[in-house]
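K.L.:
predicted structure and sequence below. I'll ask about it afterward.
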Amino acid sequence: MTLSTSATDRSALPTAFIGLAATLFCAVFGGVYEIFSHGVWSGFMVYAFLFPLVLEAIPFCWLALRGKALPHPWALNLHHAGTATLTVGSIFEGVLAIYGTTNSLTLVYWIAGAALLAGGLVALLLTRKSA
């Protein structure tokens with residue numbers, strides 16, 4: 001009898017629920033921010049909830065429904081970091097747009113988020129081949 005399991009043996013369902021919670025938080029946060037923005041809105045703020053929905057909730061719900069285990073921790077952590085970076089970057093870009101300004105440094109969020117997601121995909125492919 002084994003009392004502990006590795007991280008790769010865990011179900012994807014709790015991770016899917018966390019993705020759904022992040023989606024709900026971003027949707028509520030964007031809605032409340034828009035209410036108090038005096039009629040000014042930003043697509044980055046309105047649609048920031050799509051990053052955790054499309055990159056976290058839906059894929060991990062799909063894994064859970066198929067009965068698959070979570071990917072290797074390296075791949076999982078890079079994927080989560082990429083999703084969080086894109087979500088925060090979208091919200092920050094929305095805040096700047098609502099405030100009425102821009103900043104070229106927000107490009108770093110998109111580059112870093114894409115790089116982290118790509119790193120997670122590479123880690124997933126490498127750990128799948130070695131397993």
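P.N.:
The structure has been received and is ready for your questions. Worth saying up front: this structure is predicted, and the values here are computed from it rather than measured.
K.L.:
and the longest helix for this protein?
P.N.:
In the chain, taking DSSP state H as the definition, the longest helix is helix 73-99.
K.L.:
quick one: the next helix or strand after that one to helix 73-99, angle?
P.N.:
Downstream of helix 73-99, the next assigned helix or strand under DSSP states H and E is helix 107-130. In terms of direction (axes from the mean of the first three to the mean of the last three CA atoms, to 10 degrees), helix 107-130 departs from helix 73-99 by 160 degrees.
K.L.:
output the below-cut-off pLDDT ranges for the chain.
P.N.:
For the chain, the stretches with pLDDT under 70 are 1-9, 130-131.
K.L.:
centroid-nearest residue for the protein?
P.N.:
The centroid of the chain falls nearest to Thr83 when counting by CA atoms, centre = their mean (2.7 Å).
K.L.:
let's verify the closest residue to that one other than its chain neighbours: helix, strand, or coil?
P.N.:
Distances taken as CB to CB, 6 or more residues apart in numbering put Leu55 closest to Thr83, at 4.4 Å, once the chain neighbours are dropped. No exception for glycine: its C-beta is placed from N, CA and C like everyone else's. Assigned state for Leu55: helix (three-state reduction, DSSP: H, G, I helix; E, B strand; the rest coil).
K.L.:
which residues does Leu55 contact?
P.N.:
By CB atoms under 8 Å, 6 or more residues apart in numbering, the residues touching Leu55 are 19, 79, 82-83, 86, 117.
K.L.:
look up how far Thr102 lies from it.
P.N.:
Plainly put, Leu55 is 25 Å away from Thr102 if you go by CB to CB, to the nearest Å.
K.L.:
cool, Ala27 as well?
P.N.:
24 Å.
K.L.:
the more surrounded of these two?
P.N.:
The neighbour comparison of Ala27 against Thr102 (other CB atoms under 10 Å) goes to Ala27, with 17 against 10.
K.L.:
now the more buried one: closest residue in space that isn't a chain neighbour?
P.N.:
Per CB to CB, 6+ apart, closest to Ala27 is Phe49, 4.2 Å.
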